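In: Dropping the sequence and predicted coords here.
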Amino acid sequence: MTLYMTMDDDREGDGDIGVKLEERPKTKRPPLYKVLILNDDYTPMEFVVHVLERFFGMTHQESFELMLTVHKKGLAVVGVYSHEIAETKVTQVMDLARQHQHPLQCTMEKE
Ligand code: TYC
């Protein structure tokens with residue numbers, strides 16, 4: 001395709017047609033995902049505490065408190081991450097739970 005310069009593009013007549021810069025450059029942030037842990041009747045409390053310490057960087061006390069929140073309320077958000085990191089966390093939790101034959105469920109959802 002050939003583009004032609006018109007007189008209007010070069011009002012100063014100096015050959016400089018300039019290019020308007022984007023006023024609000026479009027830098028969309030990537031979406032974030034909540035990782036949730038669900039309560040069940042069989043997974044031992046200590047196992048959930050261990051999972052939260054190991055994969056979510058929580059102290060023992062933070063892990064214990066969040067485990068109790070899940071136990072009482074049914075579920076809780078344990079972290080917010082990019083899609084790839086959230087997927088990795090879910091896989092790590094589900095794999096370890098499966099290895100120990102616990103029914104613990106971990107899922108992710110878009111924020
Ligand atoms: N409800 C479980 C029990 O009484 C403990 C538990 C807490 C299980 C949190 C899962 O995500 C969970 N042993």
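Out: That came through fine.
In: What values do phi and psi take at the spatially most central residue of the chain?
Out: Nearest to the mean C-alpha position of the chain, by CA atoms, centre = their mean, lies Tyr81 at 2.4 Å. When quoted as degrees, to the nearest 10, the phi and psi of Tyr81 stand at phi -150, psi 170.
In: With Tyr33 instead?
Out: When read as degrees, to the nearest 10, the backbone of Tyr33 gives phi -130, psi 130.
In: what's the burial count for the closest residue to it other than its chain neighbours?
Out: In space, Tyr33 comes closest to Ala86 once its chain neighbours are excluded; the distance is 3.9 Å by CB to CB, 6 or more residues apart in numbering. To be clear about C-beta, it is placed using only N, CA and C from the backbone, and glycine gets the same treatment. Burial of Ala86 is recorded as 22 neighbouring residues (other CB atoms under 10 Å).
In: Kindly report the same for Gly74.
Out: Applying other CB under 10 Å, we find 10 other residues in the vicinity of Gly74.
In: what about it, distance to Lys89?
Out: In this structure, Gly74 and Lys89 are separated by 19 Å, where distance is defined by CB to CB, to the nearest Å.
In: Quick one: residues contacting the closest residue to His100 other than its chain neighbours.
Out: The shortest distance from His100 to any non-neighbouring residue, by CB to CB, 6+ apart, is to Phe47 (6.5 Å). Shown in contact with Phe47 (CB atoms under 8 Å, 6 or more residues apart in numbering): Ala97, His100, His102, Leu104.
In: next SSE after whichever strand or helix holds Phe47?
Out: Element membership for Phe47 (DSSP states H and E) is helix 45-56. Stepping forward along the backbone from helix 45-56, the first helix or strand reached (DSSP H and E) is helix 60-73.
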